[in-house]
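Asker: Attaching a predicted model along with its sequence, questions to come.
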Amino acid sequence: KPHPEYGQLPAAKIVLKNGNKTLDPQALREFCYRHLAPYKVPKEFEFLDSLPKTSSGKLKLL
């Protein structure tokens, strides 16, 4: 995610299996703080139905 002062901030795009929408963003953030360096923890979580792909089937940069 672009940031005017730091250039980029970590963000996460998440696709849940089988359309499950029950993941708690706060629990996910706590998990990340336990397992990642603080500067690597996403500042924003976005839940998607699927990751966008290009016409050739490759993942599109978000």
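Answerer: Yep, it's here. Predicted, not measured: the structure shown is a model, and the values here were computed from it.

Asker: use CA for all of it now, contacts and neighbours both
Answerer: Fine.

Asker: Report the contact partners of Ala11.
Answerer: Shown here is Ala11, whose contacts under the criterion C-alpha atoms under 8 Å, 6 or more residues apart in numbering are Lys1, Pro42, Lys43, Glu44, Phe45, Glu46.

Asker: tell me the phi and psi of it?
Answerer: phi -140, psi 150 (degrees, to the nearest 10).

Asker: who does it bridge with?
Answerer: Glu44 (DSSP bridges).

Asker: for the one 4 residues further on, same thing?
Answerer: Note on Val15: beta-bridge partners Leu48, judged by DSSP bridges.

Asker: Now do the contacts for the residue most central in space within the chain.
Answerer: In the chain, the residue lying closest to the centroid (C-alpha atoms, centre = their mean) is Ala12, at 1.0 Å. Taking C-alpha under 8 Å, 6+ apart, we find Ala12 in contact with Pro42, Glu44, Phe45, Glu46.

Asker: what's the distance between it and Ser55?
Answerer: Ala12 sits 23 Å away from Ser55, taking C-alpha to C-alpha, to the nearest Å as the criterion.

Asker: Now do the spatially closest residue to Ile14 that is not a sequence neighbour: how many residues are near it, please.
Answerer: Of all residues not flanking Ile14 in the chain, Phe47 sits nearest, at 4.8 Å (C-alpha to C-alpha, 6 or more residues apart in numbering). Using other C-alpha atoms under 10 Å, Phe47 is surrounded by 14 other residues.

Asker: for Gly57, same thing?
Answerer: 8.

Asker: Can you classify it by secondary structure?
Answerer: coil (DSSP: H, G, I helix; E, B strand; the rest coil).

Asker: State the pLDDT value of the residue sitting furthest away from the middle of the chain.
Answerer: Going by C-alpha atoms, centre = their mean, the residue of the chain most distant from its centre is Ser56, 23.1 Å out. For Ser56, the model assigns a pLDDT of 93.
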